[in-house]
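# make a model of this:
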Amino acid sequence: MKTKFTIYHISMIALAVVLNLIGGQIALMLKLPIYLDSMGTMFIAAVYGPFYGMLPSLLSGLILGITVDMYSLYYAPVGIFLGLLAGFVWRKKQDKRWWFFLGALMISVPTSFLSALITAYLFGGITSSGSTFFVQLLAKTPLGLTMSCFVVQVITDYIDRMITLLFVAALLKKLPTSLLHNLKRHAER
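Model prediction:
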């Protein structure tokens, strides 16, 4: 099937990039141990699926990396992978409370592994994130640097993904049905 971008796709992806940038900047400025930089990505993944879900993170990573936070460039593959996984998770969404816990886990573990490798091997466990403090604290234990990065990433990513999934679910519930219908209709093209 040939993928066709419509004006809906372009405008919604642009909105998602802005959501990612704003969320990421809030977390960065407040030195939060979570990231809040994937809300737009998850929204697009929920509406349009895995392929489109990868785009907002790629664009956000490039923009942030060039303008404000160079670390974002290195983590762009994590965001792309997150968008892909989120698209698949949203396709299997169920209207059960436990789905959010499982969905956050299914997205967090693989992306945390990739993120931990980048953090440990490229940056020695030190990044602009507020979770760096916890990584450095745990690195002095028998866990070592790489495992400390993974443990902290899983915990912070899980919390971040849970917040993001709940935010996107609430946003989808609040959208007018006519707008949601238009978005979903264009997703099938």
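# for the longest helix belonging to the chain, packing partners?
Longest helix of the chain, by residue count under DSSP state H: helix 144-174. Helix 144-174 sits against helix 39-48, helix 97-123, helix 132-139, with contacts defined as 3 or more CB pairs under 8 Å, 6 or more residues apart in numbering; DSSP states H and E. For every residue, glycine as well, the C-beta is placed using N, CA and C.
# apply 10 Å and report the result again.
Using 3 or more CB pairs under 10 Å, 6 or more residues apart in numbering; DSSP states H and E, the elements in contact with helix 144-174 are helix 7-29, helix 39-48, helix 76-91, helix 97-123, helix 132-139, helix 177-187.
# least reliable of those helices going by mean pLDDT?
Ranked by mean pLDDT, those bottom out at helix 177-187, with a mean of 82.
# which residues are contacting that helix?
4-9, 12, 43-44, 46-49, 52, 172-176 (CB atoms under 10 Å, 6 or more residues apart in numbering).
# picking that back up, so which of the helices and strands packed on helix 144-174 is the most surrounded?
Comparing the helices and strands packed on helix 144-174 by mean neighbour count (mean count of other CB atoms under 10 Å), helix 39-48 ranks first with a mean of 28.
# and the angle from that helix to helix 144-174?
Interaxial angle of helix 39-48 relative to helix 144-174 (axes from the mean of the first three to the mean of the last three CA atoms, to 10 degrees): 60 degrees.
# just after helix 39-48, pick out the following helix or strand.
helix 50-67 (DSSP states H and E).
# can you tell me how far the residue most central in space within the chain is from Ser129?
Residue closest to the average C-alpha location in the chain (CA atoms, centre = their mean): Ser38, at 3.2 Å. For Ser38, the distance to Ser129 equals 13 Å [CB to CB, to the nearest Å].
# what about Cys149, how many neighbours?
Neighbour count of Cys149, defined by other CB atoms under 10 Å: 30.
# excluding chain neighbours, what is closest to it?
Ala116 (4.0 Å; CB to CB, 6 or more residues apart in numbering).
# circling back: wait, which of the helices and strands packed on helix 144-174 is closest to Tyr158?
helix 97-123 (4.4 Å; CB to CB).
# what residues sit buried inside the longest helix of the chain?
145, 148-165, 167-169 (16 or more other CB atoms under 10 Å).
# now the end-to-end length of stretch 126-133.
8 Å (CA to CA, to the nearest Å).
# give me the contacts around that stretch.
Under CB under 10 Å, 6+ apart, the answer for stretch 126-133 is 27-28, 30-35, 68-72, 74-75, 115, 118-119, 123, 125, 135-136, 139, 149, 152-153, 155-157, 160.
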